[in-house]
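Novice: Based on what follows, work out the 3D shape:
(chains A and B)
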Amino acid sequence: MKRIEARAAAEALFDRSHSPFGAFSLGSETHHAVTMPDAVRRCRWIAVDINATAFALFFSGPSAERAKLVPCFDSDYPSVATTTRLISGANSEDVVRHARVSTAPLWWADDAVAGAAARFAHLPWVERIAPLAPGSAGIAFPVHAERGQCGLVVFLGTAMTLPQHALYEIHARCFALFDAVARMRPAEAGRVGSITKRELECLKLTANGYTSEEIARLLKLSVHTANQYLTQSAQKLNAVSRTQAVAKALRLGLIE
Amino acid sequence: MTATAAQPSFDDVPTRLSSRGDLTAFLTQLAAGIGADSYMLVAVVHDQARSDARIVASNWVFDAIELIGKRIIATLAQGLFTAAPGIRPQPLVAAGAPDTGGLLSGEEVRLLDVFGHAELYSLRLDVGRQRLFALFSSAEPGHIDRSALMRGQMQCCYALSQVPQLLAAATTQDPLSDRERECLFWVSEGKTTDEVALILGVSSNTVNSYITHAIQKFSASNRAMAIATAIRSGII
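Specialist: This is a model prediction of the structure:
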């Protein structure tokens, strides 16, 4: 950790006695969570701060055609709670669509849950939706990570408290948490490390519409070599065609 | 809702936006709330092979944008030196700021200072899958409250979520029909034309024609480029 970061982290922790971010403040949290249990623990801290009884983190599919929530972990980690399964089930399509176009938090409260109905009605920015799981009350924060991954951090509980000024901090901490989780998640990360600079150049030019012949001319290679680079990169990315290799490289952030 | 004493006036910014005027009022009040004098919102537009940045809203003076702002924006469009939500931001320009890797020369820092941007923060905003940048600066170093800045960052995300039409003008539209998008998506997953035809329950000629249309709409030269364009602009 660089000195300047250390200073900022220290400042965040000890600067003010009534730190609005709780014991582990926003800035310092990014340096934690390198494993899944760490991430779960961090999520639990957030849950405790808003008095939630359960939580879950979901990834949402990369496209509208796969509009569904994929659970990553929840408060029952390492197993998966029933509510989590319910949420990622049939109801999630609208929520995923929402997360693609808006960052506004969503909340719900089943009528069966007494007293929960008015829980978040006073908050600005948030939107009320139909319950994601029957008989529950909760709030869902859309989150996005560096490389375009999209997800949802959900907190459940009938006695949650979330004052307006805390809303922003909680959501920002969810962002930092999701970013940390998204960093450790790419299963392909280990494999794509072996892609060479030359192969990436060829992929990038393909993405920009160049044919193998044009790439060969631009990079002063033979057409066979250019094709070989593309085939190799497709193999390394576990893609069946060069088109899919381009798509995967873009989604993984290997090329811009 | 009464704000606690620790957050004076900060929670009073407008929370219902529908027009450009609302956005300007929101940004002005938000900037005042965090101790900033200037704001600028920048949308990154993915136009085929290039990334372009466009200013959505700003109260910078024209000369400052011309002389220095554009250069900063071009760097930010590549995702450099920008704090994501939840990451404690570091000033881009300030006395004793971390080395920004030669982003700005001494002369440029002086220029910024002259125009009232002695301290400059750059924040990433996520509005759904759309990514923007916000620059907040103050003429006096140390004026900007960093904790308030981080809360303001989230408020900006929420506010912009309410006015997608203002961003739509600045960003790539989705020109594709549902069917064309579906076809492109499956091809990007490595499916062949015949496989896509099977998945969608249409003939392979139809699939090819959908893809050809998509290629034309993007004025791309082939499938790979059409798919790259669609992914870059967040369509698939």
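Novice: Could you list the low-pLDDT ranges of chain B?
Specialist: Where chain B drops to pLDDT under 70, the residues are B:1-12, B:46-51, B:78-80, B:94-103, B:168-174.
Novice: Just the helices from it, written as ranges.
Specialist: Using DSSP state H, the helices of chain B run over B:20-34, B:62-64, B:70-76, B:106-114, B:146-162, B:164-168, B:178-188, B:193-200, B:204-217, B:223-232.
Novice: Run a quick check on residue A:214 versus residue A:202, I expect a contact.
Specialist: No: counting by C-beta atoms under 8 Å, residue A:214 stays clear of residue A:202, with 10.8 Å between them. The C-beta positions use only the backbone N, C-alpha and C, and glycine is treated the same way.
Novice: So those two - more neighbours on which side?
Specialist: residue A:202 (29 against 16; other C-beta atoms under 10 Å in any protein chain shown).
Novice: Could you say which helix or strand holds that one?
Specialist: According to DSSP states H and E, residue A:202 maps onto helix A:197-207.
Novice: How about residues contacting that helix?
Specialist: A:214-215, A:218-219, A:226, A:229-230, A:232-233, A:236, A:242, A:245-246, A:249-250, A:254-256, B:49, B:224-225, B:228 (C-beta atoms under 8 Å, 6 or more residues apart in numbering or on different chains).
Novice: Alpha carbons only: can I get it in PDB?
Specialist: What follows is helix A:197-207, C-alpha atoms only, in PDB (Å, rounded to 0.1, in the frame of the first residue of the first chain):
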ATOM      1  CA  LYS A 197       0.700  -8.700 -26.900                       C
ATOM      2  CA  ARG A 198       0.800  -9.700 -30.600                       C
ATOM      3  CA  GLU A 199      -2.400 -11.800 -30.300                       C
ATOM      4  CA  LEU A 200      -4.100  -9.000 -28.500                       C
ATOM      5  CA  GLU A 201      -3.100  -6.600 -31.300                       C
ATOM      6  CA  CYS A 202      -4.600  -8.900 -33.900                       C
ATOM      7  CA  LEU A 203      -7.800  -9.300 -31.800                       C
ATOM      8  CA  LYS A 204      -8.100  -5.600 -31.500                       C
ATOM      9  CA  LEU A 205      -7.700  -5.000 -35.200                       C
ATOM     10  CA  THR A 206     -10.300  -7.700 -35.900                       C
ATOM     11  CA  ALA A 207     -12.700  -6.000 -33.500                       C
END
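Novice: Selecting buried members of the contacts of helix A:197-207 in ChimeraX, what would you type?
Specialist: ChimeraX command restricting those to the buried ones, with burial defined by 16 or more other C-beta atoms under 10 Å in any protein chain shown:
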select /A:214,215,226,229,230,232,233,236,242,245,246,249,250,254,255 /B:49,224,225,228
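Novice: How is chain A partitioned into domains?
Specialist: Chain A resolves into domains spanning A:32-184, A:189-251 when parsed by automatic domain parsing.
Novice: repeat for chain B
Specialist: Taken from automatic domain parsing, chain B resolves into B:10-168, B:178-232.
Novice: Now the terminal residues of the last one, how far apart.
Specialist: Domain B:178-232 stretches 18 Å from its first residue to its last (C-alpha to C-alpha, to the nearest Å).
Novice: Just give me how far that domain sits from the chain centre.
Specialist: From the chain centre to the centre of domain B:178-232 is a distance of 28 Å (C-alpha atoms, centre = their mean, to the nearest Å).
Novice: Is that domain in proximity to chain A?
Specialist: Yes: residues of domain B:178-232 are located near chain A by C-beta under 8 Å from any C-beta of the partner chain, namely B:181-182, B:185-190, B:192, B:220-225, B:227-228, B:231-232.
Novice: if we can go back for a sec, could I get the domains of chain A as TSV with mean pLDDT?
Specialist: Shown next, in TSV, are those (pLDDT from 0 to 100):
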stretch	mean pLDDT
domain A:32-184	83
domain A:189-251	88
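Novice: Can you tell me who the residue nearest the centre of chain B pairs with across the strands?
Specialist: For chain B, residue B:132 is the residue whose C-alpha lies nearest the centre (C-alpha atoms, centre = their mean; 1.1 Å). Note on residue B:132: beta-bridge partners by DSSP bridges are residue B:43, residue B:125.
Novice: My understanding was that it contacts residue B:167; is that so?
Specialist: Yes: between residue B:132 and residue B:167 there is a contact at 7.4 Å, judged by C-beta under 8 Å.
Novice: joint contacts of those two?
Specialist: In contact with both residue B:132 and residue B:167: B:43, B:56, B:160, using C-beta under 8 Å, 6+ apart.
Novice: Could you report the neighbour count for the second one?
Specialist: This means residue B:56. For residue B:56, the count of nearby residues is 22 (other C-beta under 10 Å).
Novice: What of residue B:105?
Specialist: Residue B:105 has 10 neighbours, counted by other C-beta under 10 Å.
Novice: again with residue B:140
Specialist: Neighbour number of residue B:140 under other C-beta under 10 Å is 11.
Novice: Go ahead and confirm it touches residue B:119.
Specialist: Yes: Residue B:140 lies in contact with residue B:119 (C-beta under 8 Å); the separation is 7.4 Å.
Novice: contact partners of stretch B:61-74?
Specialist: Contact partners of stretch B:61-74, identified using C-beta under 8 Å, 6+ apart, comprise B:40, B:42, B:53, B:55, B:58, B:60, B:92, B:103-104, B:108, B:111-112, B:115-117, B:120, B:122, B:133, B:135.
Novice: Can you turn the buried part of these into a ChimeraX selection?
Specialist: To isolate the buried members of these in ChimeraX, using 16+ other C-beta under 10 Å:
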select /B:40,42,53,55,58,60,92,103,104,111,112,115,117,120,122,133,135
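Novice: Run through the residues that contact residue B:82.
Specialist: B:76, B:122-124, B:133.
Novice: right, and the pair among the residues you listed with maximum separation?
Specialist: B:76 and B:123 (9.8 Å; C-beta to C-beta).
Novice: Quick check: the gap between the nearest residue to residue A:36 once chain neighbours are set aside and chain B.
Specialist: Excluding its sequence neighbours, the residue lying closest to residue A:36 (C-beta to C-beta, 6 or more residues apart in numbering or on different chains) is residue A:73, at 6.2 Å. Going from residue A:73 to chain B by C-beta to the nearest C-beta, to the nearest Å gives 18 Å.
Novice: Stretch A:154-165 close to chain B?
Specialist: Yes: judged by C-beta under 8 Å from any C-beta, stretch A:154-165 and chain B are in contact via A:163-165.
Novice: how much space between residue B:139 and chain A?
Specialist: Distance of residue B:139 to chain A, computed by C-beta to the nearest C-beta: 23 Å.
Novice: tell me which parts of the stretch 51-200 of chain A are close to chain B?
Specialist: Residues of the stretch 51-200 of chain A lying near chain B by C-beta under 8 Å from any C-beta: A:62-65, A:99-104, A:122-125, A:142-144, A:146, A:148, A:150, A:163-165, A:167-169, A:171-177, A:179.
Novice: Report the secondary structure state of the nearest residue to residue A:128 once chain neighbours are set aside.
Specialist: Nearest residue to residue A:128, sequence neighbours excluded (C-beta to C-beta, 6+ apart): residue A:107, at 5.9 Å. Three-state call for residue A:107 (DSSP: H, G, I helix; E, B strand; the rest coil): strand.
Novice: circling back: buried subset of the residues of the stretch 51-200 of chain A next to chain B as a PyMOL selection?
Specialist: A single PyMOL command selects the buried members of those (16+ other C-beta under 10 Å):
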select buried, chain A and resi 62+63+64+99+100+102+103+104+123+124+125+142+143+144+148+150+163+164+165+167+168+169+171+172+173+174+175+176+177+179
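Novice: and residue A:124, what is it in contact with?
Specialist: Contacts of residue A:124 (C-beta under 8 Å, 6+ apart): A:164, B:1, B:15-16, B:158.
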